[in-house]
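Visitor: pasted the sequence and its predicted model underneath.
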Amino acid sequence: MTLKKNLGAQIRKLRKHRKYTQEQFAEMVGIDTKNISKIENGINYPSAQTLSAIAKALEVEEYELFLFKNKISYEIMRNTVIQAMDNKQNILYLYKIIND
């Protein structure tokens, strides 16, 4: 599955979990229902602004939209970040991400 399709499926799953119709969700996000459908079907990527609005409407952090079927546990993420801290290049990259 492509990133677009995975992202769309994740958004659809989270929307349905909250029991929002596409129409309700589109209104919350501030875009047309057709655009929600295209995003959920993996046809279009949402813009950064729309992605942020989607996360807010679904009451999740933006990164959680990219945690697909194989959810990563907090411990695995934590250990991966700690291991990355041993590399100066990774520290610089993480620092830039945090401060952007």
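Guide: Perfect, thanks for sending it.

Visitor: please parse the chain into its domains.
Guide: 3-66, 71-100 (automatic domain parsing).

Visitor: most packed of those?
Guide: When the domains of the chain are scored by mean count of other C-beta atoms under 10 Å, the highest mean neighbour count falls to domain 3-66 (a mean of 16). Bear in mind the C-beta positions are built from the backbone N, C-alpha and C, glycine included.

Visitor: can you give me the end-to-end distance of it?
Guide: 9 Å (C-alpha to C-alpha, to the nearest Å).

Visitor: picking up where we left off before, and the domains of the chain, which one averages the lowest pLDDT?
Guide: Note on the domains of the chain: lowest mean pLDDT is at domain 71-100, with a mean of 72.

Visitor: distance from that one to the middle of the chain?
Guide: Remark: domain 71-100 is offset 18 Å from the chain centroid, using C-alpha atoms, centre = their mean, to the nearest Å.

Visitor: next one: stretch 12-21
Guide: With C-alpha atoms, centre = their mean, you get 14 Å for stretch 12-21.

Visitor: need the residues that contact it.
Guide: The contact list for stretch 12-21, computed with C-beta atoms under 8 Å, 6 or more residues apart in numbering, reads 22, 25, 28, 40, 57, 58, 59, 60, 65.

Visitor: for residue 63, see how far away residue 40 is.
Guide: The gap separating residue 40 from residue 63 is 19 Å, by C-beta to C-beta, to the nearest Å.

Visitor: centroid residue for this structure?
Guide: Compute the mean C-alpha point of the chain, and by C-alpha atoms, centre = their mean the closest residue is residue 65, 2.2 Å away.

Visitor: surely it touches residue 7?
Guide: Yes: the pair formed by residue 65 and residue 7 meets the contact definition of C-beta atoms under 8 Å, at 6.3 Å.

Visitor: just give me the longest helix of this protein.
Guide: Longest helix in the chain, counting residues (DSSP state H): helix 3-17.

Visitor: quick check: next helix or strand after that one?
Guide: helix 22-29 (DSSP states H and E).

Visitor: can you give the distance of that following helix from its chain's centre?
Guide: Using C-alpha atoms, centre = their mean, the offset of helix 22-29 from its chain centre is 17 Å.

Visitor: got the contact list for it?
Guide: Under C-beta under 8 Å, 6+ apart, the answer for helix 22-29 is 15, 20, 32, 33, 35, 36, 37, 40, 50, 53, 54, 57.

Visitor: all set now, cheers.
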